[in-house]
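Okay, sequence plus prediction incoming.
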Amino acid sequence: ETGVTQTPRHLVMGMTNKKSLKCEQHLGHNAMYWYKQSAKKPLELMFVYSLEERVENNSVPSRFSPECPNSSHLFLHLHTLQPEDSALYLCASSQGIREGCTFGSGTRLTVV
Amino acid sequence: ILNVEQSPQSLHVQEGDSTNFTCSFPSSNFYALHWYRWETAKSPEALFVMTLNGDEKKKGRISATLNTKEGYSYLYIKGSQPEDSATYLCAFESGNTGKLIFGQGTTLQVKP
């Protein structure tokens, strides 16, 4: 399998649940990203990991917790989310900070 | 607050028409300008990463120009085809941070 793979594709969770989104890249890239797209808003960067070190967190609420155990895997741990957190969450990777990104297909999250 | 504006928001053209749209971005602290194509039910796909004032890049029928001094980039599609129907996103990269600030996109619909 090649490219950037995200699981699950769809997720419905209650406000008291804890869930995790998973991202895996098979491209040998050294940077990985989490983006959020809410309805009628631009893609918004949440987190950047370069060489497994977090370099940008963009003031994201602490109910979103990223984890990057190695250069191929990225997780986004979710807990006590709000309905307004319902959105499409996209993972991306790149070779170097300045290169174009390869995106995954996203996880469509609904918080009820 | 850094703002990236794209216009028009949406565009409907006939097959064979040529078209172009605009991305405006801050002219200070420029590092790179990215263009992506996002087809429905797919992942965003990198088209171009542009770094130098006066840069012009081309991929098939799609080309882009860059003016960093006045803070704009144009994307051109020559002889539009139905498969060009997608949302075209530009993203401004400020400094060497890996942080991309996306515009809201221009949604292109090409009618056969």
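Happy to help now that I have it. Residues are numbered from 1 along each chain as shown, chains lettered A, B, ... in the order given.

Which residue would you name as the spatial centre of chain A?
A:W34 (3.2 Å; CA atoms, centre = their mean).

Could I get the pLDDT score of that one?
Looking at A:W34, its pLDDT is 96.

Around chain A, which positions in chain B sit nearby?
Applying CB under 8 Å from any CB of the partner chain, we find that chain B lies next to chain A at B:4, B:31-32, B:34, B:36, B:42-49, B:51, B:89, B:91, B:93, B:96-105. Just so you know, the C-beta spots here come from the backbone N, C-alpha and C atoms, and that holds for glycine as well.

Of those, which qualify as buried by neighbour count?
Neighbour counting over the residues of chain B next to chain A (16 or more other CB atoms under 10 Å in any protein chain shown) leaves B:4, B:31-32, B:34, B:36, B:43-49, B:89, B:91, B:93, B:97-105 as the buried ones.

Residue ranges in chain B under the pLDDT threshold?
Counting by pLDDT under 70, chain B contains low-confidence ranges at B:1, B:96.

Helix, strand, or coil at the closest residue to chain A within it?
Residue nearest to chain A within chain B (CB to the nearest CB): B:A46, separated by 3.2 Å. Taking DSSP: H, G, I helix; E, B strand; the rest coil as the rule, one finds B:A46 in the strand state.

hang on, isn't it packed against B:Y36?
Yes - between B:A46 and B:Y36 a contact is recorded at 5.7 Å, counting by CB atoms under 8 Å.

Please report the distance of the residue of chain B closest to chain A from A:E84.
29 Å (CB to CB, to the nearest Å).

what do you get for B:P112?
39 Å.

Might you report the residue contacts of B:P8?
Counting by CB atoms under 8 Å, 6 or more residues apart in numbering or on different chains, B:P8 makes contact with B:F21, B:T106.

I'd like to know how many residues surround the residue of chain A found nearest chain B.
Minimum separation of chain A from chain B (CB to the nearest CB) falls at A:G100, amounting to 3.2 Å. Residues within reach of A:G100, counting by other CB atoms under 10 Å in any protein chain shown, total 20.

about what we covered before: list residues touching both of B:A46 and B:Y36?
Common neighbours of B:A46 and B:Y36 (CB under 8 Å, 6+ apart) are A:G100, A:C101.

Check the residue of chain A closest to chain B and give its pLDDT.
At A:G100, pLDDT is 88.

With A:K40 instead?
We have a pLDDT of 85 for A:K40.

where does it fall, helix, sheet strand or coil?
coil.

Check which helix or strand the residue nearest to the centre of chain A maps to.
strand A:31-37 (DSSP states H and E).

what does that strand contact?
Residues contacting strand A:31-37 (CB under 8 Å, 6+ apart): A:23, A:25, A:43-51, A:66, A:68, A:71, A:74, A:76, A:87-97, A:101, A:103, A:106, B:98.

Let's see the PyMOL selection covering just the buried ones among these.
To isolate the buried members of the contacts of strand A:31-37 in PyMOL, using 16+ other CB under 10 Å:
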select buried, (chain A and resi 23+25+43+44+45+46+47+48+49+50+66+68+71+74+76+87+89+90+91+92+93+94+97+101+103+106) or (chain B and resi 98)
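
Please look at B:R61 and B:G79 and confirm they touch.
Yes - using CB under 8 Å, B:R61 is in contact with B:G79, at 5.8 Å.

So which residues on chain A come close to chain B?
Checking chain A against chain B by CB under 8 Å from any CB, the hits are A:4, A:31, A:33, A:40-45, A:48, A:50, A:55-56, A:58, A:90, A:92, A:94, A:97-106.
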